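*Asks:* Let me see the structure of the following:
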Amino acid sequence: MLFLNYIWDFDGTLFDTYPHVAYSLGKALEGFGIHADGREVLRKLKQSVSEAVTYYSDKYDILYEELAASYDRIENGRPEVPVLPYPGAAAFLEAVIRSGGRHFLYTHRNETAKRFLRDAGFEAYFQRMITAEDGFPRKPAPDAIRYLIRTYGLMAEETVMIGDRALDLEAGRNAGIAGILFDPDGYYQDYPADYAVRSMEELNVLCKMKPV
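*Replies:* Numbers count the residues shown, from 1 in each chain. Presented below is the predicted three-dimensional model:
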(Lines give C-alpha, C1' and ligand atoms only; values in the text may rest on other atoms or scores of the structure.)
Protein backbone atom coordinates (compact mmCIF):
# COMPACT_ATOMS: atom_id res chain seq x y z
CA MET A 1 0.00 0.00 0.00
CA LEU A 2 1.47 3.36 -1.05
CA PHE A 3 0.03 5.25 1.93
CA LEU A 4 -1.40 4.18 5.26
CA ASN A 5 -3.41 7.28 6.20
CA TYR A 6 -5.78 9.06 3.81
CA ILE A 7 -7.12 12.57 4.48
CA TRP A 8 -10.03 13.22 2.15
CA ASP A 9 -11.67 16.31 0.82
CA PHE A 10 -15.42 15.79 0.34
CA ASP A 11 -16.89 17.77 -2.55
CA GLY A 12 -15.68 16.54 -5.91
CA THR A 13 -13.42 13.95 -4.31
CA LEU A 14 -15.46 11.40 -2.38
CA PHE A 15 -18.86 12.57 -3.61
CA ASP A 16 -19.81 14.12 -6.94
CA THR A 17 -21.52 17.14 -5.41
CA TYR A 18 -20.79 19.63 -8.17
CA PRO A 19 -24.06 19.11 -10.08
CA HIS A 20 -25.94 19.90 -6.85
CA VAL A 21 -23.67 22.80 -5.91
CA ALA A 22 -23.84 24.32 -9.39
CA TYR A 23 -27.61 23.96 -9.41
CA SER A 24 -27.81 25.69 -6.03
CA LEU A 25 -25.71 28.68 -7.11
CA GLY A 26 -27.64 28.91 -10.36
CA LYS A 27 -30.95 28.99 -8.49
CA ALA A 28 -29.59 31.60 -6.10
CA LEU A 29 -28.61 33.80 -9.05
CA GLU A 30 -32.05 33.31 -10.59
CA GLY A 31 -33.48 34.83 -7.43
CA PHE A 32 -31.70 38.04 -8.45
CA GLY A 33 -32.96 37.80 -12.03
CA ILE A 34 -29.71 36.39 -13.41
CA HIS A 35 -29.47 33.34 -15.66
CA ALA A 36 -25.80 32.38 -15.60
CA ASP A 37 -24.12 29.95 -17.97
CA GLY A 38 -23.95 26.58 -16.24
CA ARG A 39 -20.47 25.78 -17.53
CA GLU A 40 -19.13 29.08 -16.22
CA VAL A 41 -20.78 28.47 -12.84
CA LEU A 42 -19.08 25.08 -12.61
CA ARG A 43 -15.67 26.48 -13.58
CA LYS A 44 -15.92 29.14 -10.90
CA LEU A 45 -17.03 26.62 -8.28
CA LYS A 46 -14.03 24.43 -9.05
CA GLN A 47 -11.91 27.28 -7.69
CA SER A 48 -14.02 27.57 -4.53
CA VAL A 49 -17.56 28.45 -3.52
CA SER A 50 -16.45 31.72 -1.94
CA GLU A 51 -14.58 32.73 -5.10
CA ALA A 52 -17.61 31.86 -7.24
CA VAL A 53 -19.94 33.91 -5.04
CA THR A 54 -17.45 36.80 -5.06
CA TYR A 55 -17.19 36.65 -8.85
CA TYR A 56 -20.95 36.82 -9.40
CA SER A 57 -21.59 39.38 -6.69
CA ASP A 58 -18.99 41.66 -8.29
CA LYS A 59 -20.14 40.94 -11.84
CA TYR A 60 -23.80 41.69 -11.17
CA ASP A 61 -23.43 44.19 -8.31
CA ILE A 62 -25.10 41.94 -5.73
CA LEU A 63 -24.23 42.13 -2.06
CA TYR A 64 -21.95 39.18 -1.32
CA GLU A 65 -23.77 38.41 1.93
CA GLU A 66 -27.15 38.27 0.20
CA LEU A 67 -26.01 35.96 -2.59
CA ALA A 68 -24.08 33.76 -0.15
CA ALA A 69 -27.10 33.47 2.16
CA SER A 70 -29.39 32.53 -0.74
CA TYR A 71 -26.89 29.94 -1.97
CA ASP A 72 -26.46 28.45 1.51
CA ARG A 73 -30.21 28.14 2.00
CA ILE A 74 -30.67 26.27 -1.27
CA GLU A 75 -27.53 24.16 -1.01
CA ASN A 76 -28.24 23.06 2.56
CA GLY A 77 -31.82 22.09 1.76
CA ARG A 78 -33.12 18.93 0.21
CA PRO A 79 -30.96 18.28 -2.90
CA GLU A 80 -32.81 18.70 -6.18
CA VAL A 81 -29.91 16.97 -7.91
CA PRO A 82 -28.63 13.61 -6.55
CA VAL A 83 -25.50 13.74 -4.39
CA LEU A 84 -23.72 10.41 -4.82
CA PRO A 85 -20.27 8.96 -4.08
CA TYR A 86 -17.97 8.42 -7.01
CA PRO A 87 -18.08 4.87 -8.40
CA GLY A 88 -15.66 2.64 -6.52
CA ALA A 89 -15.27 4.94 -3.52
CA ALA A 90 -16.74 2.48 -1.01
CA ALA A 91 -14.59 -0.38 -2.31
CA PHE A 92 -11.43 1.70 -2.00
CA LEU A 93 -12.26 2.86 1.52
CA GLU A 94 -12.93 -0.72 2.59
CA ALA A 95 -9.74 -2.02 0.96
CA VAL A 96 -7.59 0.50 2.84
CA ILE A 97 -9.17 -0.41 6.16
CA ARG A 98 -8.75 -4.15 5.48
CA SER A 99 -5.07 -3.45 4.85
CA GLY A 100 -4.68 -1.66 8.19
CA GLY A 101 -5.07 1.90 6.93
CA ARG A 102 -7.15 4.80 8.23
CA HIS A 103 -9.35 7.49 6.73
CA PHE A 104 -9.95 11.09 7.83
CA LEU A 105 -12.14 13.82 6.36
CA TYR A 106 -11.16 17.48 6.03
CA THR A 107 -13.73 19.63 4.27
CA HIS A 108 -14.83 23.25 4.19
CA ARG A 109 -18.40 21.96 3.95
CA ASN A 110 -20.56 22.15 7.06
CA GLU A 111 -22.25 19.25 8.86
CA THR A 112 -24.07 18.31 5.65
CA ALA A 113 -20.92 16.37 4.73
CA LYS A 114 -21.52 14.04 7.66
CA ARG A 115 -25.16 13.71 6.65
CA PHE A 116 -24.26 12.67 3.11
CA LEU A 117 -21.67 10.21 4.42
CA ARG A 118 -24.15 8.76 6.90
CA ASP A 119 -26.89 8.41 4.30
CA ALA A 120 -24.49 6.55 2.00
CA GLY A 121 -23.24 4.28 4.79
CA PHE A 122 -19.76 5.84 4.69
CA GLU A 123 -19.58 7.36 8.16
CA ALA A 124 -18.02 4.29 9.79
CA TYR A 125 -15.02 4.41 7.45
CA PHE A 126 -13.70 7.61 9.02
CA GLN A 127 -11.79 7.87 12.27
CA ARG A 128 -12.26 11.65 12.39
CA MET A 129 -14.24 14.13 10.30
CA ILE A 130 -13.29 17.80 10.30
CA THR A 131 -15.92 20.18 8.90
CA ALA A 132 -16.46 23.93 8.89
CA GLU A 133 -17.94 23.72 12.39
CA ASP A 134 -14.54 22.78 13.81
CA GLY A 135 -13.31 26.31 13.15
CA PHE A 136 -9.91 25.59 11.61
CA PRO A 137 -8.46 28.12 9.16
CA ARG A 138 -9.48 27.35 5.60
CA LYS A 139 -7.23 25.52 3.15
CA PRO A 140 -4.51 25.94 2.08
CA ALA A 141 -3.71 26.61 5.74
CA PRO A 142 -2.27 23.38 7.19
CA ASP A 143 -3.70 23.69 10.71
CA ALA A 144 -6.38 20.99 10.45
CA ILE A 145 -4.00 18.50 8.85
CA ARG A 146 -1.35 19.18 11.46
CA TYR A 147 -4.02 18.62 14.12
CA LEU A 148 -4.82 15.19 12.65
CA ILE A 149 -1.14 14.27 12.40
CA ARG A 150 -0.51 15.28 16.00
CA THR A 151 -3.69 13.88 17.53
CA TYR A 152 -3.64 10.51 15.79
CA GLY A 153 0.10 9.99 15.67
CA LEU A 154 0.30 9.94 11.87
CA MET A 155 3.67 9.59 10.19
CA ALA A 156 3.99 12.26 7.50
CA GLU A 157 5.55 9.90 4.97
CA GLU A 158 2.63 7.48 5.40
CA THR A 159 -0.07 10.14 5.05
CA VAL A 160 -1.62 11.76 1.98
CA MET A 161 -4.18 14.47 1.26
CA ILE A 162 -6.66 13.66 -1.52
CA GLY A 163 -8.60 16.49 -3.13
CA ASP A 164 -9.95 17.79 -6.41
CA ARG A 165 -8.52 21.31 -6.23
CA ALA A 166 -5.13 22.94 -5.91
CA LEU A 167 -5.92 24.32 -2.46
CA ASP A 168 -6.46 20.80 -1.09
CA LEU A 169 -3.03 19.67 -2.19
CA GLU A 170 -1.43 22.94 -1.09
CA ALA A 171 -2.84 22.40 2.39
CA GLY A 172 -1.22 18.98 2.45
CA ARG A 173 2.07 20.33 1.12
CA ASN A 174 2.04 23.06 3.77
CA ALA A 175 1.61 20.35 6.41
CA GLY A 176 4.51 18.33 5.00
CA ILE A 177 2.56 15.49 3.38
CA ALA A 178 2.06 14.32 -0.19
CA GLY A 179 -1.05 15.01 -2.23
CA ILE A 180 -3.16 13.08 -4.70
CA LEU A 181 -5.18 15.16 -7.17
CA PHE A 182 -8.55 13.54 -7.93
CA ASP A 183 -9.50 15.20 -11.21
CA PRO A 184 -12.15 13.22 -13.11
CA ASP A 185 -13.00 16.13 -15.41
CA GLY A 186 -9.45 17.27 -16.14
CA TYR A 187 -9.71 20.77 -14.67
CA TYR A 188 -6.16 20.74 -13.29
CA GLN A 189 -4.20 18.84 -15.93
CA ASP A 190 -1.23 21.19 -15.66
CA TYR A 191 -1.13 21.36 -11.87
CA PRO A 192 2.15 19.94 -10.44
CA ALA A 193 0.58 17.37 -8.13
CA ASP A 194 2.64 14.65 -6.49
CA TYR A 195 0.16 12.17 -7.94
CA ALA A 196 -2.94 12.57 -10.10
CA VAL A 197 -5.82 10.22 -10.88
CA ARG A 198 -9.11 10.56 -12.74
CA SER A 199 -11.09 7.74 -11.15
CA MET A 200 -11.24 5.48 -8.12
CA GLU A 201 -9.97 2.68 -10.32
CA GLU A 202 -6.82 4.69 -11.05
CA LEU A 203 -6.52 5.44 -7.34
CA ASN A 204 -6.61 1.72 -6.60
CA VAL A 205 -3.78 1.10 -9.05
CA LEU A 206 -1.71 4.01 -7.73
CA CYS A 207 -2.06 2.96 -4.11
CA LYS A 208 -1.49 -0.70 -4.93
CA MET A 209 -4.89 -1.79 -3.70
CA LYS A 210 -6.98 -4.52 -5.27
CA PRO A 211 -8.85 -3.29 -8.37
CA VAL A 212 -12.43 -2.08 -7.89
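*Asks:* for the protein, which spans come out with low pLDDT?
*Replies:* Low-confidence segments of the chain, defined by pLDDT under 70: 209-212.
*Asks:* So which residue of it lies furthest out from the middle?
*Replies:* residue 33 (29.6 Å; Cα atoms, centre = their mean).
*Asks:* Which parts of stretch 85-103 count as buried, going by neighbours?
*Replies:* 85-86, 88-93, 95-96, 101-103 (16 or more other Cβ atoms under 10 Å). The C-beta positions use only the backbone N, C-alpha and C, and glycine is treated the same way.
*Asks:* now, which of those residues lie within helices?
*Replies:* 89-93, 95-96 (DSSP state H).
*Asks:* Just the closest of the residues you listed to residue 150, please.
*Replies:* residue 96 (21.4 Å; Cβ to Cβ).
*Asks:* And that closest one, how close does it get to residue 114?
*Replies:* From residue 96 across to residue 114, the span is 20 Å (Cβ to Cβ, to the nearest Å).
*Asks:* try residue 169
*Replies:* Taking Cβ to Cβ, one finds residue 169 at 23 Å from residue 114.
*Asks:* And the helices in this protein?
*Replies:* Under DSSP H, the chain gives helices at 18-30, 38-47, 49-59, 64-75, 89-98, 112-119, 143-151, 166-174, 200-206.
*Asks:* Next, count neighbours for the closest residue to residue 164 other than its chain neighbours.
*Replies:* Spatial nearest neighbour of residue 164, chain neighbours left out: residue 12 (3.7 Å); criterion: Cβ to Cβ, 6 or more residues apart in numbering. By other Cβ atoms under 10 Å, 22 other residues sit near residue 12.
*Asks:* Pretty sure residue 12 sits against residue 165.
*Replies:* Yes. Residue 12 is within contact range of residue 165, at 7.3 Å (criterion: Cβ atoms under 8 Å).
*Asks:* Touching both of those two, which residues are there?
*Replies:* residue 46 (Cβ atoms under 8 Å, 6 or more residues apart in numbering).
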